[in-house]
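> Any chance you can model this:
(chains A and B)
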Amino acid sequence: MTPHHATQGLRRLPILLLLGSVLAIPLAQADSNTIRLATSTSTENSGLLRVLLPPFEQRTRYKVHVLAVGTGKALRMARDGDVDVIIVHAPAAEREFVRAGYGVNRRDLMYNDFIIVGPKHDPAGIKGAKNVVAAITRLIRSNAMFISRGDESGTHKKERELWRLAGVQLEGRGYREAGQGMGRVLQIAGELQAYTLTDRGTWLAMRDKLPLQIMVEGDTRLFNPYGIIAVNPARYPDVNYAGAMALIAWVTSVHGQQIVGDFEIDGEALFKPLAAQVKRPVEK
Amino acid sequence: MEGLPEASRHALLLLLSGDYELWTTIAISFSVSLKAIVLTAPVALVLAFVLAHTRFPGRRVLISVFHTLLAMPAVVVGLTLYLLLSRSGPFGDLKLLFSQTAMMIGQIILCFPILVAMGHSAIQAADRRAWETAVTLGAGPGRAMLTLMHEVRFGLMAALLAGFGRIIAEVGCSMMVGGNILHYTRNITTAIALETTKGEFAQGIALGLVLLVLALLLNFSLAMLQGKGVMVS
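I've put the predicted structure just below:
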C-alpha cells in the first residue's frame, strides 16, 4: 500500500467507525422481560409510579415501560394489543372493556377524588358548595369560563357525567375544550382564570405553580377509583400476560398497597389503597 | 410560577450537575437521529444523483413528489406508522411499536425527502465536465458518481444538516411511535413536551438549550471542514 493510500484509509476511519456503530443497531424489541404499562397521566405525573415500580423491578426480572397517555388512549392501546396491562380510572368504560373480552383480571387498585378548582375571586360563587351538581349548574349559568379536558380521559368522562346529572348543555358560553392532559389543562385554567375539574393527585403535585384554589370537594359523586387490568391473552397471544399478572400481584399486595398509601406530596396522601389492608390508617 | 431567567438558571445547574435522566434523554435523541440520517444518506443521495443525471419517464413527477413530501407533518408520519406497526395492524408481528427502532424508521421517512430534494439541487448544479472527465479517465459509473458528489460536497453537507435538523427537532412522530418511555424512547423533544405538561419549565428549557448548543457545535465543526464558506472567484 502506498503512503497516499494509507492516509486516505486513515481519513476514512471515522466514517467507517460511524457506519460500524450504525450497523450494530440493537433491534430492541419487547421481550418477555418487558412489561408495557399504559396508564392515566395522573399516576405518572404525580410521581406515584416512580416509587411503586422500582421495588417491583428489583424483585423480579421485569422492566416496566410506562406509557402515560390518559385513560381513553390507554384503553384503546389495550384493545389493539399494543400494551400488556393498563391502570385507568373510568369504572363504566372499564366494565365495558372487560365484558367485551379485551381485558381480564381487573382489580381495584386505589382511589382518590375529583375536585373543582377555580380562580381565587370565584366569579361563579361556587366556593364551598357541598353539592357538586348544583355547583356545576351555577357555574354554567354564570357563564364563567370552564376548561374541559376534551380528550376522552377518565377525568373527561367524569366531567360529562356531572354535566349530564346537572342536565345542562355542554356548550355554555364559557365552556372551552383543551384536548390536553391534566397538567396542561390546570395551567390553562390558571392562565385564563377559569374553573376546571381535576383529580386530587395532579392538583397536589401542581398547586404550588397555580393561581387557583379548591372550590368544590367532598361530594360522593366525585369519587375516583383506579383499576388495573391485564390485556386478554386469548385475544393477543403474544402479550406479556405473565408479566402483567406479576405486576398486578405486586401493586395489589400488602407491600405494594402500603407504598400507595404512604405516597405523599407536602404531607398529603394522594391515593388511598383499595386492594389490601395496610398498617397505617388511611382515612383522615 | 418561575420566570424565564430563573428557569434558565435552574436549567444550567441541572446540565452541569450531570443529571442522569437529562443526559440519558439527550443520548437517546442523538443516537436515534444519527442512526436515522446515516442509514438514509447513502440511499437518498444515490437517488438524488439518479434524478439529476438520468432521463426516464416520470422523473419530473418523482421530483415534484419529493418536494411535496417536504411539507409532510411529522405527526402524520407518526400516525401512519403507528397504524402500520400496531399489533392489530399489518406489521404488528414485528413488535416494533414503542421502540427506538420505530422512532428511527419514522425519522428516516421524515429526512428522506429532504436529502433527495436538496441533494438533487446540489448535484444538478454541478459541472457536468467533472463527470465526463472522470469517465474519460476510465472511472466506472460508481466511481464517477463519487467524484461528482465530491465536487458538490458542500451542497450535500447542507442537505445532511437540514435533514438532521428536521429529525432531531421533530416531536410529533417520536411521541406517537416511541411513546415517551423513560430511559428508552424518551428523547429531548418528547421530554420537553412532557415537562411542559407537568409545569417543570426549567427541565424543558434545559433540554431546549442542549439541543441548540449541540446543533451549534455540529454546525461549527462542519463549517471548519467546509473552509471559508465564500464564493471562489
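> I'd like the secondary structure assignment at residue A:225, please.
strand (DSSP: H, G, I helix; E, B strand; the rest coil).
> can you check residue A:176 too?
Following three-state DSSP, residue A:176 is assigned to strand.
> Could you do residue A:236 as well?
coil.
> That one and residue B:87 touch, don't they?
Yes: the pair residue A:236 / residue B:87 is scored as a contact, 6.2 Å apart, by Cβ atoms under 8 Å. Backbone N, C-alpha and C define where each C-beta goes, glycine included.
> does any part of stretch A:150-159 sit near chain B?
No: on the criterion Cβ under 8 Å from any Cβ of the partner chain, stretch A:150-159 is out of touch with chain B, staying 11.9 Å away.
> Was I right to think residue B:59 contacts residue B:51?
Yes: applying Cβ under 8 Å, one finds residue B:59 in contact with residue B:51, separated by 6.2 Å.
> More neighbours: which of these two?
Neighbour comparison, residue B:59 and residue B:51: the larger count goes to residue B:51, with 20 against 13 (by other Cβ atoms under 10 Å in any protein chain shown).
> how about stretch B:31-40, does it get close to chain A?
Yes: looking at stretch B:31-40 against chain A by Cβ under 8 Å from any Cβ, the contacts come from B:34, B:35, B:38, B:39.
> and what of stretch B:151-169?
No: judged by Cβ under 8 Å from any Cβ, stretch B:151-169 makes no contact with chain A; its nearest approach is 12.3 Å.
> Show me what counts as buried in that stretch.
Buried residues in stretch B:151-169, counted by 16 or more other Cβ atoms under 10 Å in any protein chain shown: B:151-152, B:155-156, B:158-161, B:163-168.
> Also stretch B:22-42?
Buried positions in stretch B:22-42, judged by neighbour count with 16+ other Cβ under 10 Å: B:22, B:24-26, B:28-41.
> Just the ones in helices from the residues you listed, please.
Of the positions in the buried residues of stretch B:22-42, B:22, B:24-26, B:28-41 sit in helices, assigned by DSSP state H.
> List the residues that contact residue B:209.
Residue B:209 makes contact with B:8, B:11, B:12, B:15 under the criterion Cβ atoms under 8 Å, 6 or more residues apart in numbering or on different chains.
> Under a three-state scheme, what state does residue A:112 occupy?
Counting by three-state DSSP, the backbone at residue A:112 sits in strand.
> Number of residues surrounding it?
Per other Cβ under 10 Å, the neighbour tally for residue A:112 reads 23.
> so what's it bridging to?
Per DSSP bridges, the residues bridged to residue A:112 are residue A:224.
> I'd assumed residue A:203 was in contact with it.
No: taking contacts as Cβ under 8 Å, residue A:112 lies outside contact range of residue A:203: 9.6 Å.
> The residue most central in space within chain B: helix or strand, and which one exactly?
Closest residue to the average C-alpha location of chain B: residue B:164 at 2.7 Å, with Cα atoms, centre = their mean. For residue B:164, the host element (DSSP states H and E) is helix B:153-169.
> residue contacts, residue A:83?
Residue A:83 touches A:36, A:37, A:38, A:67, A:74, A:77, A:231, A:239, counting by Cβ under 8 Å, 6+ apart.
> So which residues lie in contact with the helix or strand following the helix holding residue B:164, not counting its own?
Remark: after helix B:153-169, the chain's next helix or strand is helix B:172-178, criterion DSSP H and E. Outside helix B:172-178, the residues that touch it by Cβ under 8 Å, 6+ apart are B:32, B:73-79, B:81-82, B:85, B:97-100, B:102-103, B:105-107, B:110, B:180, B:185-187, B:189-190, B:193.
> all helices of the stretch 101-250 of chain A, in order?
Taking DSSP state H, counting those that start in this stretch as the criterion, the stretch 101-250 of chain A carries its helices at A:132-141, A:154-166, A:182-192, A:200-206, A:241-251.
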